[in-house]
Each structure stands twice: as structure tokens, then as C-alpha cells.
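Visitor: Let me see the structure of the following:
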Amino acid sequence: MSEREYALSLGKRYMELIRAPEILIMPGVYDGFSMRLVEQLGFNAASIGGSGLSESTLGWADVGIMGYAENVRASAAIAACSTLPLQADGDTGYGNAVNVYFTVQGFERAGVAGLMIEDQVWPKRCGHIPGKQVISAEEGVEKIRAAAEARRDPNFVIKARTDAAGTHGIKEAIRRLHLYAEAGADLLFADALLSADDIRLVAKEVTKPLAVNMGFGIRSRPTTPLIPARALQDMGVAVVVYPRLLTASAIQGMKNALAALDESITTGKVVDRPDLLISFGELNDLMGLPKIKDLETRFVSGGGRQAAE
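Guide: Predicted coordinates:
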């Protein structure tokens with residue numbers, strides 16, 4: 001299968017998963033570890049979160065510091081170690097509708113199955129951080145229309161996100177989603193809905209499949225309530241994304257491991273906590289070492305294999 005055929009099949013698979021009767025559950029991934037783990041555990045698709053990339057690669061919050069080149073490069077690396085359809089986060093498209101056009105083509109070449117474009121003012125910020133602003137609905141439509149026209153694969157999914165619920169209210173968010181659907185969006189997302197009733201209303205009103213985010217661990221201010229995936233499906237939601245589940249749990253895991261190291265330093269004793277770590281063998285298996293060994297057996301002579309080892 002050629003690279004183009006493979007990319008086409010990913011877009012088609014993603015579109016079929018979105019349109020399926022059962023809700024599509026998409027963990028948020030941000031690096032090779034998280035991507036391989038999600039695939040190993042049997043999920044059908046994943047979402048590359050812009051916040052996770054900004055935080056893990058740059059060490060800065062998701063407030064527009066990460067640019068196009070850094071985003072598409074990191075997304076391409078994640079796509080390269082996955083066979084799953086991946087939704088990338090194109091932020092605002094990094095400019096006007098013309099920039100969006102080239103942004104979509106860049107991410108499509110990177111090997112993802114879809115791209116989200118939002119209607120915030122640049123520099124954008126995480127949808128649950130105060131101070132958001134949105135562009136006009138007319139400019140948002142221009143961006144989605146450019147995004148839909150830019151894709152080479154008609155199955156490449158354009159996900160339109162509006163942040164207008166937090167700035168202008170739920171009715172404006174629904175109006176914008178209608179406009180974005182008419183402009184060519186395949187999947188719709190109103191960020192930071194504050195109640196189950198809001199989610200139910202938006203799902204009822206929109207004409208294209210609806211995605212929602214479930215942000216475990218966000219406690220500092222009112223945000224989208226945590227709702228089980230099956231209940232969201234019953235509300236009419238097609239896709240649920242868990243954008244910060246793995247980033248937040250990874251940080252907590254590292255904190256726990258460093259605390260054990262600190263205990264070892266303080267007490268002068270070795271503190272071995274297998275419960276905090278996966279084994280070296282499990283890590284190598286997760287990272288594809290068995291496949292590399294198989295490739296060595298098939299393609300590398302005995303001398304070359306020894307040199308590689």
C-alpha cells in the first residue's frame with residue numbers, strides 16, 4: 001500500500017468511526033509513550049492535543065506559544081509510530097483563511113486523519129483558561145471553508161471548534177456550529193459547555209456529529225461536568241475526547257517516582273518501588289523492540305546485526 005493509499009484509509013476509518021452508532025472514545029496523546037500505550041490497549045483512534053504538545057515539548061502552558069512548525073513536526077512523529085486514525089490540533093490555523101489552507105495540507109501530509117480548527121483570537125489559550133476571545137463568525141466560516149477545500153483526501157476530517165459558548169453564550173455557539181457545518185466541517189465541537197443540559201441541547205441542534213471533551217482533574221473553576229461515555233452517547237454525542245488524562249497522570253506518576261528517589265536520598269537506603277515503574281522488558285516491548293529484532297533477522301546479515309547490537 002502506498003503512503004497516499006494508507007493516508008486515505010486512515011481518513012476513511014476515522015470518518016466511519018465518527019459515524020458509527022457507538023460513541024468514539026479518543027484518549028489524548030502527546031508523545032510516543034502515550035501513543036503506543038493507547039494503541040496497545042485497543043483504542044480505535046486518538047487525539048493529539050495541542051495543550052499536551054505545548055506542555056511536554058516546550059514546557060509552557062497552552063496559550064499560543066507553540067507555533068505551526070513545532071506542532072506539525074511533533075504530530076508527524078506521533079503519527080509515524082501509530083496505525084490508528086489521529087486527530088491533530090491545528091489551533092486557529094496560525095493566521096487567516098489562507099494560512100488555514102496551508103495548515104490543513106501540512107497536517108494531512110504529516111499522516112494524521114483529521115485536524116481541528118478553532119475560532120479563537122490568536123494567541124489562543126486552553127479553552128478552560130480565563131481570557132478567551134473569539135473572531136467573528138464570518139471569519140470563522142472563511143477558515144472552515146478554506147480547510148475543507150484544502151484537503152486532498154475527501155475523508156480527511158475537518159473538526160470545527162467554537163469557544164463562543166464562554167464568550168457569547170450557548171445560542172451563539174450553536175449558531176456558529178451551524179455555519180461551520182455548512183462551510184464544510186465534518187465534526188463539531190463547542191468547548192467548555194457547563195452542563196449536561198447544554199451538551200444535550202447542542203447535540204440536538206447541530207446537523208453534523210458532535211464531539212465533547214471530558215477534562216478529568218480540572219477543579220479550579222466551573223467547567224464541563226464529567227459524564228460517562230455511554231450517557232454521552234445517549235445524549236446524541238458522537239465522539240468523546242479525554243485531552244489531559246494521560247498528561248496529568250504521567251506527571252503524577254513522575255512525582256510519585258521522584259518522591260521515592262528523594263526518600264532514598266534522605267534515608268541513604270535503596271528504595272526500589274516496582275509498583276511505580278514498568279519493567280525494562282515491558283518498556284522495550286511497548287517501544288517496538290520485538291519488531292526491530294524481527295527486521296534485523298530478515299534484512300541484516302550476521303555481522304551487521306552484531307554491529308547494531
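Visitor: which stretches of the stretch 151-300 of the chain aren't confidently modelled?
Guide: 217-222 (pLDDT under 70).
Visitor: what does stretch 268-277 contact?
Guide: By Cβ atoms under 8 Å, 6 or more residues apart in numbering, the list of residues contacting stretch 268-277 from outside reads Gly253, Asn256, Ala257, Ala260, Leu261, Glu263, Ser264. Using the backbone N, CA and C atoms, a C-beta is placed for each residue, glycine as well.
Visitor: burial count for the last one?
Guide: When you say that, I think you mean Ser264. The burial count assigned to Ser264 is 14, neighbours taken as other Cβ atoms under 10 Å.
Visitor: pretty sure it is in a helix, no?
Guide: Yes: with DSSP: H, G, I helix; E, B strand; the rest coil as the criterion, Ser264 is located in a helix.
Visitor: Contacts only, for it.
Guide: Taking Cβ under 8 Å, 6+ apart as the contact definition, Ser264 lies against Val270, Val271.
Visitor: how far away is it from Phe280?
Guide: When Cβ to Cβ, to the nearest Å is the yardstick, Ser264 and Phe280 sit 19 Å from each other.
Visitor: picking up where we left off before, so which of the contacts of stretch 268-277 belong to helices?
Guide: Assignment to helices by DSSP state H places the following of the contacts of stretch 268-277 there: Gly253, Asn256, Ala257, Ala260, Leu261, Glu263, Ser264.
Visitor: Need the buried ones from those selected in PyMOL.
Guide: Selecting the buried subset of these in PyMOL, with 16 or more other Cβ atoms under 10 Å as the burial test, is done by:
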select buried, resi 260
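Visitor: Report the two members of the ones in helices among the contacts of stretch 268-277 separated by the largest distance.
Guide: Largest separation among the ones in helices among the contacts of stretch 268-277 by Cβ to Cβ: Gly253 and Ser264, giving 17.1 Å.
Visitor: In the stretch 1-150 of the chain, where is pLDDT below threshold?
Guide: Of all residues in the stretch 1-150 of the chain, those with pLDDT under 70 make up the ranges 1-8, 127.
Visitor: residues contacting the residue nearest to Trp122 when sequence neighbours are not counted?
Guide: Here the nearest residue to Trp122 in space, its sequence neighbours aside, is Thr92; by Cβ to Cβ, 6 or more residues apart in numbering that works out to 4.8 Å. Neighbouring residues of Thr92 by Cβ under 8 Å, 6+ apart: Ile117, Glu118, Asp119, Gln120, Val121, Trp122, Lys124, Ile135, Lys143.
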